[in-house]
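K.L.:
What follows is a predicted structure for the sequence shown.
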Amino acid sequence: MGRSPISDKNGIKKGPWTPEEDMKLTQYIQMHGPGNWRSLPKNAGLERCGKSCRLRWTNYLRPDIKRGRFSFEEEETIIQLHSVLGNKWSAIAAKLPGRTDNEIKNYWNTHIRKRLLGKGIDPVTHAPHLNLFDLSSSLINLHDQFNLSNLFRLQTLVNPEALRLAATLLASNPEIPRT
DNA sequence: AAAGGATCCAACCGCAAGAGT
DNA sequence: AACTCTTGCGGTTGGATCCTT
């Protein structure tokens, strides 16, 4: 999985880490601590950039990392925190011991996001996602006097965000003239 | 069994913020 | 104040694996 090994013109290796590289990095950090990432690869005998070493350590090699599937509780925590913090993955990761921001971000994009969409919840705003039918029902309920010709005119708007905005405006401003 | 589309996730990239000079 | 260097973050990519037809 991942990318095929590449070396750039400076001899810096890219792509998947080998077990030997993992071992070198782990042993070096165990002896000296993470310290200066820029000088670490050279000192540890790795042909990697410091950025790559830091990423590998923080997302994969750190001993406190909890691997494996997310529990239901963790998933609920992520959803709750995301509703407050948005895409602040590092802040969310800080509340989930043993989980990395990258892991949470991946899990969000591949599992949770789809689950929320399936439930009709907007994964960005965490608000129920209204479709055209829901919108028409809502508008009719909110405004008894709203007539069908106006409703059909609104439905020609394709952008669901625009439709939701319209519904919000109508709900909060009963004085808006409806011709 | 084979093809190809979908899914998953490790790793990369670009940018911004903070530290040091 | 201005510049450079380093680190950290969020978004995106690439390719292995899984799934469906």
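P.N.:
Received, thanks.
K.L.:
How about stretch A:25-41, which residues are buried there?
P.N.:
Residues of stretch A:25-41 classed as buried under the neighbour-count rule (16 or more other CB atoms under 10 Å) are A:Leu25, A:Thr26, A:Tyr28, A:Ile29, A:Leu40, A:Pro41. No exception for glycine: its C-beta is placed from N, CA and C like everyone else's.
K.L.:
touching DNA strand B at all, it?
P.N.:
No. Shown here: stretch A:25-41 not in contact with DNA strand B (CB under 7 Å from any atom of the strand), separated by at least 10.7 Å.
K.L.:
Can you show me the CA trace of that stretch as PDB?
P.N.:
Output in PDB follows, covering the C-alpha atoms of stretch A:25-41 (Å, rounded to 0.1, in the frame of the first residue of the first chain):
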ATOM      1  CA  LEU A  25      14.200   5.500  13.200                       C
ATOM      2  CA  THR A  26      12.700   3.800  16.300                       C
ATOM      3  CA  GLN A  27      16.100   3.000  17.700                       C
ATOM      4  CA  TYR A  28      17.400   6.500  17.200                       C
ATOM      5  CA  ILE A  29      14.400   8.100  18.800                       C
ATOM      6  CA  GLN A  30      14.500   5.700  21.700                       C
ATOM      7  CA  MET A  31      18.100   6.600  22.400                       C
ATOM      8  CA  HIS A  32      18.000  10.400  21.700                       C
ATOM      9  CA  GLY A  33      14.400  11.400  21.700                       C
ATOM     10  CA  PRO A  34      12.700  13.100  18.700                       C
ATOM     11  CA  GLY A  35      14.600  16.400  19.000                       C
ATOM     12  CA  ASN A  36      15.600  18.100  15.800                       C
ATOM     13  CA  TRP A  37      13.800  16.500  12.900                       C
ATOM     14  CA  ARG A  38      15.900  18.200  10.300                       C
ATOM     15  CA  SER A  39      19.200  16.700  11.500                       C
ATOM     16  CA  LEU A  40      17.600  13.400  12.700                       C
ATOM     17  CA  PRO A  41      17.700  11.500   9.300                       C
END
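K.L.:
Does that stretch reach DNA strand C?
P.N.:
Yes. Contact of stretch A:25-41 with DNA strand C (CB under 7 Å from any atom of the strand) involves A:Gly35, A:Asn36, A:Trp37, A:Arg38.
K.L.:
Might you report the residue contacts of A:Ile104?
P.N.:
With contact set as CB atoms under 8 Å, 6 or more residues apart in numbering, A:Ile104 has these partners: A:Ile78, A:Trp89, A:Ile92, A:Ala93, A:Leu96.
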